[in-house]
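Trainee: would you be able to build a 3D model of this:
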Amino acid sequence: MKRVAVCLIGFGEVGQTLAPDLRTRGAALSAWDIKFAEPDSLPNRALPGSGVRAATSAADAMSGASVVVSAVTAADCLAAAETAAPLLGAGSYFLDLNSVSPATKLAAAA
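Mentor: Down below sits the predicted model:
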């Protein structure tokens, strides 16, 4: 059986909570978080032992992923969707877990 490649956009609390369950189920995990640029950030400190490959960009994280999970701050929801949209492969899924207004959800879906 082929391993499902899952990309986590945002490796904060939600991404870190999802990663162990996804890894246990055999997913190949990559993540991109804007805070990866800060060496002592919480997302960076959570990487060792997580089984998650830290990507250098959203495009790098999404490369080969059939499932993309967006779990960023509400303020970054639309930007994350706009960045991801042109990078999604055919048949891929984009799961937006962000808590935002209905209008923002519709804009992100577009």
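Trainee: for the helix ranked longest in the chain, buried residues please.
Mentor: The residue-count maximum for a helix in the chain (DSSP state H) belongs to helix 13-24. For helix 13-24, the neighbour count (16 or more other CB atoms under 10 Å) marks 14-16, 18-19, 22 as buried. Glycine gets a C-beta too; all of them are placed from N, C-alpha and C.
Trainee: out of the residues you listed, which is nearest to V4?
Mentor: L22 (8.4 Å; CB to CB).
Trainee: let's see the pLDDT reported for that closest one.
Mentor: On the pLDDT scale, L22 is placed at 95.
Trainee: phi, psi of V100?
Mentor: phi -140, psi 170 (degrees, to the nearest 10).
Trainee: how near is it to K35?
Mentor: 19 Å (CB to CB, to the nearest Å).
Trainee: low-confidence ranges, this protein, go.
Mentor: 1 (pLDDT under 70).
Trainee: what ranges do the strands span in it?
Mentor: In the chain, the strands defined using DSSP state E lie at 5-9, 28-32, 52-54, 67-70, 93-96.
Trainee: any idea of the angle the first one forms with strand 28-32?
Mentor: Angle, strand 5-9 to strand 28-32, by axes from the mean of the first three to the mean of the last three CA atoms, to 10 degrees: 20 degrees.
Trainee: which one of V100 and K35 has more residues nearby?
Mentor: V100 (17 against 14; other CB atoms under 10 Å).
Trainee: next up, the contacts around L78.
Mentor: For L78, the contacting residues are 100, 104, 107-108, by CB atoms under 8 Å, 6 or more residues apart in numbering.
Trainee: need the buried ones from those selected in PyMOL.
Mentor: A single PyMOL command is used to select the members of those judged buried by 16+ other CB under 10 Å:
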select buried, resi 100+104+108
